[in-house]
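Student: need a 3D model of the sequence below.
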Amino acid sequence: MRRKLMLGAVIAQLCAGGGAFAQEHTSYHGCTDAAGRAVAAVSDPALEGVVVSRSGAAPEIRYNETLLPRLTPESRLFLFAHECARHNLSQAVDGARTEADVRRADCHGLESLLRSGLLDAARIDALERELQFSTDEWALIPGPPRTFALRSCTAEGAARRLLTRPTPAQPEWNACVRGCGERLRACAPRNAACDDAYERCVALCDFRSPP
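Tutor: Predicted coordinates for the structure are as follows:
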């Protein structure tokens with residue numbers, strides 16, 4: 001079965017694990033940069049990396065699902081989300097990156113998947129275990145080599161929400177969600193497709209808001 005996953009969008013039929021999920025083919029769409037412009041996702045079986053960002057007038061993320069067959073669909077989706085976060089956070093996709101940049105992209109990518117319903121929080125620990133790579137494997141993975149401390153990302157996010165004032169992005173998020181609601185009310189006849197469109201719309205509002 002082929003299932004298309006929009007990064008940042010809730011897909012109601014997504015199976016969150018087990019054999020059914022593993023049998024599906026994943027394609028990736030819906031990534032945007034900090035200005036809201038689409039970042040193309042391109043399948044490239046000749047790519048010498050699991051996922052690679054390209055800059056330029058038409059930025060894109062290329063991915064190769066034939067490399068490292070041991071990776072689960074969730075691991076591949078996280079690595080794609082990490083690359084998408086680099087664009088969404090206006091990080092340079094060429095050259096060296098700071099440890100803080102890498103950490104922020106890891107956490108932002110994870111939070112986007114959790115908010116969008118594409119990753120169950122109960123799977124975070126298993127995902128950390130899956131994202132352990134040998135020296136040779138790191139040559140195929142967006143670096144630098146590191147330990148993925150994903151559980152602490154969720155703790156840091158919760159602390160920010162508890163200890164800080166609303167971010168400057170909050171008014172934009174509110175306006176975005178109100179727009180989703182207006183489109184839902186105008187959707188007729190009201191059916192499951194209307195509700196699905198609303199969920200995708202709200203999830204994209206979430207993804208475009210900085211953590």
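
Student: any stretches of this protein with poor pLDDT?
Tutor: Low-confidence segments of the chain, defined by pLDDT under 70: 1-27, 155-171, 173-174, 190, 199, 203, 206-211.

Student: what segments of it are helices?
Tutor: 18-22, 73-88, 99-116, 124-130, 135-138, 150-163, 170-186, 192-207 (DSSP state H).

Student: tell me how the chain divides into domains.
Tutor: Segmentation of the chain into domains, based on automatic domain parsing, reads 2-163, 170-207.

Student: how far away from the center of its chain is the last one?
Tutor: This points to domain 170-207. Here domain 170-207 is found 19 Å from its chain centre; the criterion is Cα atoms, centre = their mean, to the nearest Å.

Student: do the same with the first one
Tutor: Using Cα atoms, centre = their mean, we find the averaged C-alpha position of domain 2-163 to lie 5 Å away from the chain's own average C-alpha position.

Student: residues near the nearest residue to His108 once chain neighbours are set aside, how many?
Tutor: Spatial nearest neighbour of His108, chain neighbours left out: Ala85 (4.0 Å); criterion: Cβ to Cβ, 6 or more residues apart in numbering. The way it works is simple: take the backbone N, C-alpha and C, and place the C-beta from them, glycine included. Other residues lying near Ala85 total 24 when counted by other Cβ atoms under 10 Å.

Student: Ala85 and Asp101, how far apart?
Tutor: Separation of Ala85 from Asp101 (Cβ to Cβ, to the nearest Å): 10 Å.

Student: anything in contact with each of the two?
Tutor: Here Ala85 and Asp101 have Gln91 as joint contacts, going by Cβ atoms under 8 Å, 6 or more residues apart in numbering.

Student: which non-adjacent residue is nearest the residue most central in space within the chain?
Tutor: Centroid check for the chain by Cα atoms, centre = their mean gives Ala81 as the closest residue, at 3.0 Å. Distances taken as Cβ to Cβ, 6+ apart place Gly109 nearest to Ala81, at 3.4 Å, with adjacent residues excluded.

Student: how many neighbours does Glu48 have?
Tutor: When neighbours are counted by other Cβ under 10 Å, Glu48 registers 10.

Student: quick check: it touching Leu68?
Tutor: No. If you go by Cβ atoms under 8 Å, Glu48 and Leu68 don't touch, sitting 12.0 Å apart.
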